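# missing the sequence, but the structure's below:
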């Protein structure tokens, strides 16, 4: 049975330290013609949904062509600003070693569940050399659905199809840093392993229902032990 690990991106594996916010604001202005003066609360929200709701805060109806234009510009900027992202942002401690350690298990497939559009998620991770062990085509991304929990379903369906496997929820692990990640995983009955590397404490993540909570990814052996407990 395939064990599928689905990783969240921002604050779980990497942080752009403000570059992402700047790109969002710049693309928002290009698409809407308005300077972004406030942004819809983004925690757990997919990027297209964040754009649409932020547009509404500025009196603009974020229709599908606008959302698609925003996504296209975002992907372009993350590509052209890769050097700046590497300079200002960082891979979180232990991220690279942990991805490699999981890959070493041999029976695990790793991909991504992210509110970012696929091109942005890939650009962020590859900027820090974290794409080697991730099978991006199997993941779930912001353009797939505005509801975060639906991205887990999409990723599972893609994995079943691509690997021709009867993948069940019992063989899927979601790894994220926020209560919204926990909720997304629990909606589909998958195991959730949370890391307190974002804005939530270990207690908050545990209270949200995470099956296991780690302080960070600095020791890959700790995560491997947690996986082995299943």
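Arrived safely, thanks for sending. Just so it is clear, the model here is predicted, and its values are computed rather than measured.
# Tell me the bridge partners for residue 7.
When bridges are taken as DSSP bridges, the partners of residue 7 come out as residue 112, residue 175.
# burial of it, as a residue count?
26 (other CB atoms under 10 Å). The C-beta positions use only the backbone N, C-alpha and C, and glycine is treated the same way.
# where does it land on pLDDT?
On pLDDT, residue 7 comes in at 98.
# In contact with it, which residues?
Listed by CB atoms under 8 Å, 6 or more residues apart in numbering, the contact set of residue 7 reads 13, 99, 110-113, 134, 175-176.
# likewise residue 75?
Counted by CB under 8 Å, 6+ apart, residue 75 has contacts 117, 119-120, 123.
# what do you get if the cut-off is 10 Å, keeping everything else the same?
23, 27, 116-123 (CB atoms under 10 Å, 6 or more residues apart in numbering).
# What separation is there between it and residue 163?
Going from residue 75 to residue 163 by CB to CB, to the nearest Å gives 27 Å.
# got it, and residue 218?
In terms of CB to CB, residue 218 sits 31 Å off from residue 163.
# tell me which residues in stretch 83-92 are buried?
84-85, 89, 91-92 (16 or more other CB atoms under 10 Å).
# try stretch 64-75
Buried-residue list, stretch 64-75, by 16+ other CB under 10 Å: 66-67, 69-71, 73-75.
# for stretch 103-115, same thing?
Buried, per 16+ other CB under 10 Å, within stretch 103-115: 108-115.
# Quick one: the helices in the protein, in order.
Assigned by DSSP state H, the chain shows helices spanning 19-32, 47-57, 64-80, 82-88, 95-103, 118-127, 148-163, 179-187, 202-207, 220-228.
# Let me have those helices in CSV, extended by mean pLDDT and distance to residue 4.
Shown next, in CSV, are the helices of the chain (pLDDT from 0 to 100; distance: least, CB to CB, whole Å):
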stretch, mean pLDDT, distance to residue 4
helix 19-32, 96, 26
helix 47-57, 94, 23
helix 64-80, 94, 25
helix 82-88, 94, 27
helix 95-103, 97, 11
helix 118-127, 96, 16
helix 148-163, 95, 5
helix 179-187, 96, 12
helix 202-207, 98, 21
helix 220-228, 92, 12
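# can I get these in JSON lines with distance to residue 142?
Listed next are those as JSON lines, based on distance: least, CB to CB, whole Å:
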{"stretch": "helix 19-32", "distance to residue 142": "12"}
{"stretch": "helix 47-57", "distance to residue 142": "4"}
{"stretch": "helix 64-80", "distance to residue 142": "8"}
{"stretch": "helix 82-88", "distance to residue 142": "18"}
{"stretch": "helix 95-103", "distance to residue 142": "21"}
{"stretch": "helix 118-127", "distance to residue 142": "8"}
{"stretch": "helix 148-163", "distance to residue 142": "8"}
{"stretch": "helix 179-187", "distance to residue 142": "13"}
{"stretch": "helix 202-207", "distance to residue 142": "22"}
{"stretch": "helix 220-228", "distance to residue 142": "26"}
